[in-house]
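Visitor: Build me a model from this:
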Amino acid sequence: MDILLVASAFNSLSQRVYAELTDQGHRVDVVLASHGDEPVRAAVRGFRPDLVIAPMLTTALPEDVWREHTCLIVHPGPPGDRGPSALDWAIAGQAREWGVTVLQAEAGMDAGPVWAAEPFPVAPVGKSDLYRNEVADAAVTAVLTAVRRHAEGAYKPRPQSDPSIGVVWRDPFRQERRRVDWEHDDTATVLRKLRGADSRPGVLDELAGRELFLHGGHPEDELRGRPGDLLAQRSGAVCRATRDGAVWIPELRPRRNSGDPAPFRRPAADVLGAVGLPEIPAPLELPAHRRTYADIRYRQHGDVGLLGFSFPAGAMSTGQCRRLLAAYEYALTRPTRVLVLGGARDFFSNGIHLNVIEAAPDPAQESWANLNAMDDLVEAVLRTTDRLVVAALAGNAAAGGAMLALAADQVWCRTGTVLNPHYRRMGLYGSEFWTYTLPRRVGPDEARRLTEEALPVSAATARRLGLVDRLVPAAPGEFAAEVERLAAALAATPGLHRRLAAKASARAADERHRPLAEYRRSELARMHALFFDPQAPYHALRAAFVRRTPSGSPRPPAAPADAQRLPGAPAGRPPHASPSGPAGAPR
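Guide: Numbering: from 1, shown residues only. Got it, this is the predicted structure:
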């Protein structure tokens, strides 16, 4: 079928639906509703879809569109749930199970007949993590069911007047419900409020005499203080006392009308500046019983080392890259045969930290420092020849984060993962040795197509192309345990020493053919020219993305033709370029 996706943003769920429908053989196009009704009408007239699907929509579809075409809305609530804050209410109410409903657009909000519904367990994680994982898994299942039913033509969607559907209207979940009472709320309540708004909209509060939005929350099991007081900092996060404990807050966001020149999310300690908080590091090998914030951890089980990392929105700043490289170098001193890289769930990495760069006094210089720190990390992985390195992607990866994964010997993906192995939507050529690793895995022609079309790739397609070596069909909360089991089996494989010898030999041969240093110099020369050219599209695209200001059109044009090409590649755009979120996007 010809399917048009209408979305307020081409976010993680929209990209996942796009990739999965494309895998099913449907011809899919995308238009952004954030540019108003007329582009949506124009896209419908031009594409003439058999079906319109809205995976993530914060505004109503034009009435003439939903009256003349079957339009399916993906609602993150069970059948009968209505209102704009479904997940917020589920988390606040400590629901154990929730659901996703695909319903037909009608005049009433969320009131149309139900085409499909799928339940999911509500994991004790942040709302954005839940949305990208359990919600996305359920949404894709429901969308594919609804599309199949529509194609078959016999299915009659169930009206919400059906007695088996209990209709419940839930009001918008406003800040007064999110506000933390530091004197009276216990730690569990504080964490629930913080996690329920970890990405959007944040929890409005006052810190150091400033109104700020708090983003994300992690428990602390040892530090204590007067409720509401700041106690310490660690890896950019700050620790704040509750009435019966403390929590770590990784990110803060100043209010837009506060006069702050950088009113967007970034590391909490950066936003607060010099407030005299002691830096209290967490040990890299954190004891299993500890409940505290650590964005990088190392564990070892027999011949398997597990280097876990989890950065907010998958973005990696200069400092985070350097700390992860130090942890990687430590892991290489341990007696293991297999080293696994990746967090237990959610994002693997989205590459350089656009928010930190945008807030820097000199964004070009910070871009350069950040990219070199990413390159240092990727090069360390590429030069590891004494053990097998596995990149375990529990969640999405993009741009330099995807290339970090490709530096490993094997890439294992949870089946719900989406990859964006390109830099084009941020107007960049790219680095992280992509001109070595990407063609090596998929061939020069496929590498050219991936980087020029700049479209999301499902885990299944990535496996078919050779970007991924193993699909792990696990639920989000079960991925880490399954990876550990598979890694132990890999470490116990007979003849592993011969495999390692062959790996070392291949690396030496590649180095003789063209040294890694040459790939790096070539890529960085292109990136330096873009970073330090004030007129380069990168700067406007980065600012628009970070500051959430309108940029481009409902179908953004590709970056300048030669900004992305492999040597010898022709210029050009894909036949129907879909609007993709930029690389490094905290979506």
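
Visitor: Tell me which stretches of the stretch 51-200 of the chain form helices.
Guide: All helices of the stretch 51-200 of the chain, identified by DSSP state H, counting those that start in this stretch, fall at 63-68, 86-92, 127-130, 136-152, 175-178, 187-195.

Visitor: mind putting the ones you listed in TSV, mean pLDDT included?
Guide: Converted to TSV, the helices of the stretch 51-200 of the chain look like this (pLDDT from 0 to 100):
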stretch	mean pLDDT
helix 63-68	96
helix 86-92	97
helix 127-130	97
helix 136-152	98
helix 175-178	96
helix 187-195	98
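
Visitor: Looking at those, which one is packed in the most?
Guide: Highest mean neighbour count of those: helix 127-130, a mean of 23 (counted as mean count of other Cβ atoms under 10 Å). Using the backbone N, CA and C atoms, a C-beta is placed for each residue, glycine as well.

Visitor: which helices and strands sit right next to that helix?
Guide: The contact analysis (3 or more Cβ pairs under 8 Å, 6 or more residues apart in numbering; DSSP states H and E) places helix 127-130 against helix 86-92.

Visitor: hmm, try it at 10 Å
Guide: The elements that helix 127-130 packs onto, with contact taken as 3 or more Cβ pairs under 10 Å, 6 or more residues apart in numbering; DSSP states H and E, are helix 86-92, helix 187-195.

Visitor: Tell me the buried residues in whichever helix in the chain runs longest?
Guide: Counting residues, the longest helix in the chain under DSSP state H turns out to be helix 363-382. Within helix 363-382, the residues that count as buried by 16 or more other Cβ atoms under 10 Å are 363-364, 366-375, 377-382.

Visitor: want to try a markdown table for the helices of the stretch 51-200 of the chain, with distance to R520 as columns?
Guide: Formatted as a markdown table, the helices of the stretch 51-200 of the chain follow (distance: least, Cβ to Cβ, whole Å):
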| stretch | distance to R520 |
| --- | --- |
| helix 63-68 | 49 |
| helix 86-92 | 42 |
| helix 127-130 | 33 |
| helix 136-152 | 35 |
| helix 175-178 | 45 |
| helix 187-195 | 39 |
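
Visitor: closest one to E482 among these?
Guide: Closest to E482 of these, according to Cβ to Cβ: helix 136-152, at 15.2 Å.

Visitor: And the strands in the stretch 251-400 of the chain?
Guide: Using DSSP state E, counting those that start in this stretch, the strands found in the stretch 251-400 of the chain span residues 251-254, 266-267, 296-301, 304-309, 315-316, 338-341, 351-352, 388-393, 397-398.

Visitor: My error: substitute the stretch 451-587 of the chain in the last question.
Guide: Going by DSSP E, counting those that start in this stretch, the stretch 451-587 of the chain shows strands at 457-458, 470-472.

Visitor: the helices in the stretch 401-550 of the chain, which residues?
Guide: Using DSSP H, counting those that start in this stretch, the helices of the stretch 401-550 of the chain run over 434-442, 444-453, 459-465, 479-491, 496-513, 516-531, 537-547.

Visitor: pLDDT of the shortest one, averaged?
Guide: For helix 459-465, the mean per-residue pLDDT is 98.

Visitor: Flag every buried residue along it.
Guide: By neighbour count on 16+ other Cβ under 10 Å, the buried set for helix 459-465 is 459-463, 465.

Visitor: count of neighbours near I352?
Guide: 30 (other Cβ atoms under 10 Å).

Visitor: Surely it is in contact with C321?
Guide: Yes: under the criterion of Cβ atoms under 10 Å, I352 makes contact with C321 at 8.4 Å.

Visitor: Which neighbours do the two have in common?
Guide: Common contacts of I352 and C321 (Cβ atoms under 10 Å, 6 or more residues apart in numbering): 369-371, 373-374, 400.

Visitor: Relative to P163, which of the helices and strands packed on helix 127-130 is closest?
Guide: Set against P163 and scored by Cβ to Cβ, the helices and strands packed on helix 127-130 come closest in helix 86-92, at 21.8 Å.

Visitor: other SSEs contacting that closest one?
Guide: Partner elements for helix 86-92 (3+ Cβ pairs under 10 Å, 6+ apart): strand 97-104, helix 127-130, helix 175-178, helix 187-195.

Visitor: Of the ones you listed, which is nearest L339?
Guide: The closest of the helices and strands packed on helix 86-92 to L339 is helix 127-130. By Cβ to Cβ, the value is 24.7 Å.

Visitor: centre of the chain versus the closest one, how much separation?
Guide: Remark: helix 127-130 is offset 10 Å from the chain centroid, using Cα atoms, centre = their mean, to the nearest Å.

Visitor: could I have it exported to PDB, CA atoms only?
Guide: Included here for helix 127-130 are C-alpha records, laid out as PDB according to Å, rounded to 0.1, in the frame of the first residue of the first chain:
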ATOM      1  CA  LYS A 127       8.900   8.100  30.500                       C
ATOM      2  CA  SER A 128      11.100   8.600  27.400                       C
ATOM      3  CA  ASP A 129      12.800   5.200  27.900                       C
ATOM      4  CA  LEU A 130       9.400   3.600  28.300                       C
END
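
Visitor: Tell me which stretches of the stretch 201-350 of the chain form helices.
Guide: 268-272, 318-331.

Visitor: residues of the longest one that come out buried?
Guide: When you say that, I think you mean helix 318-331. Quick answer for helix 318-331 (16+ other Cβ under 10 Å): 318-321, 323-325, 327-328, 331.

Visitor: Then stretch 107-119?
Guide: Residues 110-112, 114-118 are the ones in stretch 107-119 that count as buried (16+ other Cβ under 10 Å).

Visitor: circling back to that earlier point, can I get the shared contacts of I352 and C321 in a markdown table with distance to G77 and pLDDT?
Guide: Below are the shared contacts of I352 and C321 laid out as a markdown table (distance: Cβ to Cβ, whole Å; pLDDT from 0 to 100):
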| residue | distance to G77 | pLDDT |
| --- | --- | --- |
| A369 | 44 | 98 |
| N370 | 39 | 98 |
| L371 | 41 | 98 |
| A373 | 41 | 98 |
| M374 | 39 | 98 |
| G400 | 35 | 98 |
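
Visitor: For V30, state which of these is nearest.
Guide: G400 (24.1 Å).

Visitor: T437: how many residues sit nearby?
Guide: Neighbours around T437, by other Cβ under 10 Å: 24.

Visitor: does it really touch A408, like I thought?
Guide: Yes: using Cβ under 10 Å as the test, T437 is close enough to A408 to be in contact (9.4 Å).

Visitor: any residues in contact with both of those two?
Guide: Counting by Cβ under 10 Å, 6+ apart, the shared contacts of T437 and A408 are 378, 381-382.

Visitor: With distance to R41 and pLDDT as new columns, can those residues be given to me in CSV?
Guide: Putting the shared contacts of T437 and A408 into CSV (distance: Cβ to Cβ, whole Å; pLDDT from 0 to 100) gives the following:
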residue, distance to R41, pLDDT
V378, 45, 98
V381, 48, 98
L382, 49, 98
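
Visitor: Need those residues in TSV (columns: distance to A313).
Guide: Output for the shared contacts of T437 and A408, formatted as TSV (distance: Cβ to Cβ, whole Å):
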residue	distance to A313
V378	20
V381	22
L382	25
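
Visitor: Quick check: the nearest residue to A95 once chain neighbours are set aside vs F213, distance?
Guide: Leaving aside its sequence neighbours, A95 sits nearest to V122 (Cβ to Cβ, 6 or more residues apart in numbering; 5.1 Å). Going from V122 to F213 by Cβ to Cβ, to the nearest Å gives 23 Å.

Visitor: Please identify which of those two sits among more neighbours.
Guide: The residue with more neighbours, out of V122 and F213, is F213; 22 against 17, by other Cβ under 10 Å.

Visitor: thought the more buried one was touching G202?
Guide: Yes: between F213 and G202 a contact is recorded at 3.0 Å, counting by Cβ under 10 Å.

Visitor: any residues in contact with both of the two?
Guide: Taking Cβ under 10 Å, 6+ apart as the contact definition, F213 and G202 share the neighbouring residues 175, 178, 251-253, 255, 265.

Visitor: Make a PyMOL selection of the buried ones in the residues you listed.
Guide: Listed next is the PyMOL selection for buried residues among these, using 16+ other Cβ under 10 Å:
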select buried, resi 178+251+252+253+265
